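> turn this into a structure:
(2 chains)
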Number of protein chains: 2
Amino acid sequence: MKIAVDAMGGDHAPGEIVQGAVEAVRECGQEIVLVGDREKITAILGGKPPREIEIFHAPEAIAMGEHPAVAVRRKRQSSIVQAVKLVKEGEAQGLVSAGSTGAAMAASLLGLGRIRGIDRPAIASILPNRNGQTVLVDAGANVDCKPDNLLQFAIMGSLYAEKILGIQNPRVGLLNVGEEETKGNELTLATFPLLRDSHLHFIGNVEGRDVFAGTVDVVVCDGFVGNIVLKAGEGLAAALIHMIKEEITRSWLAKMGTVMTLPALKPFSRRLDYAEYGGAPLLGVNGVVIISHGSSSARAIKNAIKRAREAVENGLVGAIRESIGEITTDEKKAGIN
Amino acid sequence: MKIAVDAMGGDHAPGEIVQGAVEAVRECGQEIVLVGDREKITAILGGKPPREIEIFHAPEAIAMGEHPAVAVRRKRQSSIVQAVKLVKEGEAQGLVSAGSTGAAMAASLLGLGRIRGIDRPAIASILPNRNGQTVLVDAGANVDCKPDNLLQFAIMGSLYAEKILGIQNPRVGLLNVGEEETKGNELTLATFPLLRDSHLHFIGNVEGRDVFAGTVDVVVCDGFVGNIVLKAGEGLAAALIHMIKEEITRSWLAKMGTVMTLPALKPFSRRLDYAEYGGAPLLGVNGVVIISHGSSSARAIKNAIKRAREAVENGLVGAIRESIGEITTDEKKAGIN
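Alright, predicted model coming up:
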């Protein structure tokens, strides 16, 4: 099984991306196709590249500022478009990109297409909570949503939690302003009955504080809310660390204390670091696509490659197809459109 | 100047509420009317109550679970309805309640009415950021909003930042999924031009990470998004503290270090503690109303009373009335409806 890696996408591309691929080979012997500028990639790989890595030459790259849909149509030779093509043609079984999220989504939609029955693919972000991990879906792909979209996000997020995170019978919650069924905006009020009547393990409305509390496994929301919760969380964690450092440098006793505390904090900060998880799956397209943070380090890319491998091994796309297919068939039988 | 305090509202009412009032008297000689069950309040105040405190008997109380609008109409003798009445009749100049947010809003709307030109009052939450404070408005009063509502929230939030937090020419940002003008959902796309063309110091779209970064003074959003950002932030901070404690107890060296670090962290945790700010102003009604957290301690109530006092002293309601009035008049002149 091969994973295609967009070597030209990300703030630290191609250096950290290529390095991440090398680390993935070292750690688990993963076969990888690095897609991008052959000359640059070869220079980074050096004289004796691992035999598990091959290079697929793509002379173009899509920059962060470009309009995703336009760039994907114009730059057919770009690394992301070519990486998607490898998956489409079966040359690779999954794909990792730390480039423009919009471009990765547009290229995947255009190249791989949506799973039948899924109206809008969604990004699932895997966040740390008190006891483990929470799947937040949609984390930013769709800013305006309909109730049906949220139901589909819930089904896909639940399958991801089960198949990839190994959570049995994942608890699905609808992100809302209160726990009562009567609380919410137009979208959540209309979504509640769809989730309640689904086959999912729906535990009802959950609130903002539940996202990091470990009281729910899959948190469902539209991509506008999801993006803002995600980035506010990142910002708050950064502000907290800044404030702690600021206070600590005011006292030598505290400084000494910190030196003694720091080693114990390492596993903790690792749980918060997005590089640890590696990337967010794009759910609902016909293929495994992992979208990594723009500022991904080699470690983030290595972990994203491992996530893509797990998704392929555990048949994530097939499971979504099957689950959604069943629903579509049931609805047809029942005469519901 | 007197502040009416709803003595029966909140998880720790009336004990902590009465205690908070006593502390406010001690700290700044504030005159206070405690509204609630006279017998209970008297028992807590003890033999020699401060002469700055008077009691206004209200035999009923509205519980957290009751339907706000229904309860406010039925329980005319409840502490929150009577406290609002005191403000309406000029017996008190401002009001603090830690009871049901919905009931406080409903009672204020019914009793004091909206400021002319404000379609929907909003809750402004004051959050700590890296350098100071950010006003988040609306923090939960209105789940579905129109662009005009958001413009009004922005005007009121900007006045609060200027008059009460002392920020000159406050930077106003629209909470969104990207900084570019073309980014957003239907609501934010339609709101952007209204804010751009207003008299406010509008700095454009801001992202989730800006909420706690100190890069913007007033963050504008609908109440659904605001409520979720606020509670997710509370939840993340709690989860972080839990994780830190968990890691620290694993090593005696870290434990010792923590003992030495803790005193330096006090000012830091104080900045994060909602009790420090005391409460969130309800902006857009004809009177000063401060809504405190349900779990408010005496210290939170004392600080909320100080916030109410500042709002009265600085003529917040008059300033909003004037600012909105000017706009309404300008629009009339220009023939805009």
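> identify the bridge partners of the spatially most central residue of chain A.
Nearest residue to the geometric centre of chain A (Cα atoms, centre = their mean): A:A280, 0.8 Å. Beta bridges link A:A280 to A:I291 when assigned by DSSP bridges.
> in contact with it, which residues?
Residues in contact with A:A280 (Cβ atoms under 8 Å, 6 or more residues apart in numbering or on different chains) are A:I123, A:A124, A:S125, A:I126, A:A139, A:I290, A:I291, A:S292. Every residue, glycine included, has its C-beta placed from N, CA and C.
> are any of the residues you listed buried, and which?
A:I123, A:A124, A:S125, A:I126, A:A139, A:I290, A:I291, A:S292 (16 or more other Cβ atoms under 10 Å in any protein chain shown).
> phi, psi of the fourth one?
Meaning A:I126. Torsion angles at A:I126 (phi, psi; degrees, to the nearest 10) stand at phi -100, psi 110.
> how much space between it and chain B?
Computed as Cβ to the nearest Cβ, to the nearest Å, the A:I126 to chain B distance reads 15 Å.
> return the residues in contact with the nearest residue to that residue once chain neighbours are set aside.
Of all residues not flanking A:I126 in the chain, A:Y277 sits nearest, at 4.9 Å (Cβ to Cβ, 6 or more residues apart in numbering or on different chains). Applying Cβ under 8 Å, 6+ apart to A:Y277 gives the contacts A:I126, A:Q133, A:N303, A:R307.
> just the element for the residue in the stretch 1-150 of chain A that chain B sits nearest to, please.
Nearest residue of the stretch 1-150 of chain A to chain B, counting by Cβ to the nearest Cβ: A:V143, 4.0 Å away. Using DSSP states H and E, A:V143 maps to neither a helix nor a strand.
> what is the neighbour count of A:E180?
Residues contacting A:E180 under the criterion other Cβ atoms under 10 Å in any protein chain shown number 11.
> I'd say it and A:N205 touch.
Yes: counting by Cβ atoms under 8 Å, A:N205 is a contact partner of A:E180 at 7.1 Å.
> what are the ranges of the helices in chain A?
Taking DSSP state H as the criterion, chain A carries its helices at A:15-28, A:38-45, A:68-74, A:79-88, A:101-112, A:147-163, A:186-196, A:223-248, A:252-272, A:274-277, A:298-313, A:316-334.
> just those: most buried one?
helix A:79-88 (a mean of 26; mean count of other Cβ atoms under 10 Å in any protein chain shown).
> gap between that helix and the chain center?
When distances are taken as Cα atoms, centre = their mean, to the nearest Å, helix A:79-88 is centred 18 Å away from the chain's centroid.
> which residues touch the residue of the stretch 1-150 of chain A closest to chain B?
A:D222, A:G223, A:F224, A:N227, B:V177, B:G184, B:N185.
> could you do A:S100 as well?
A:S100 neighbours (Cβ under 8 Å, 6+ apart): A:G9, A:I62, A:A63, A:M64, A:E66, A:P68, A:A71, A:I80, A:G294.
> what of A:H12?
Counting by Cβ under 8 Å, 6+ apart, A:H12 touches A:S295, A:S296, A:S297.
> low-confidence regions, chain A specifically.
Within chain A, the segments meeting pLDDT under 70 span A:244-275, A:326-337.
> how about 90 then?
Scanning chain A for pLDDT under 90 picks out A:47-49, A:64-65, A:128-132, A:180, A:182, A:233-278, A:294-295, A:324-337.
> which parts of it belong to which domain?
Under the assignment automatic domain parsing, the domains of chain A span A:2-118+A:284-314, A:122-274.
> distance-wise, check A:N227 relative to A:N142.
10 Å (Cβ to Cβ, to the nearest Å).
> before we move on, what about A:N286?
A:N286 is 18 Å from A:N142, by Cβ to Cβ.
> again with A:P59
Counting by Cβ to Cβ, the gap from A:P59 to A:N142 is 32 Å.
> A:S297 against A:E23, yeah?
No: at 10.1 Å, A:S297 does not count as touching A:E23 under the criterion of Cβ under 8 Å.
> check the contact between A:V177 and B:L230; I expect there is one.
No: checked against Cβ under 8 Å, the pair A:V177 and B:L230 is beyond contact range at 9.9 Å.
> overlap in contacts of the two?
B:G140.
> what about A:T182, neighbour count?
For A:T182, using other Cβ under 10 Å, the count is 9.
> on that earlier part again, report the two of the contacts of A:S100 separated the most.
The largest separation in the contacts of A:S100, counting by Cβ to Cβ, is between A:A71 and A:G294 at 15.5 Å.
> can you list the residues of the stretch 1-150 of chain A near chain B?
Neighbours of chain B within the stretch 1-150 of chain A, by Cβ under 8 Å from any Cβ of the partner chain: A:N129, A:R130, A:G140, A:V143, A:D144.
> tell me which two of these sit farthest apart.
Largest pairwise distance in the residues of the stretch 1-150 of chain A next to chain B, by Cβ to Cβ, is 32.1 Å, between A:R130 and A:D144.
> these two: who's more crowded?
Comparing A:R130 with A:D144 by other Cβ under 10 Å, the one with more neighbours is A:R130, at 17 against 14.
> residues touching the nearest residue to that one once chain neighbours are set aside, list them.
Distances taken as Cβ to Cβ, 6+ apart place A:G214 nearest to A:R130, at 4.1 Å, with adjacent residues excluded. By Cβ under 8 Å, 6+ apart, the contact set of A:G214 is A:N129, A:R130, A:N131, A:G132, A:T134, B:A239.
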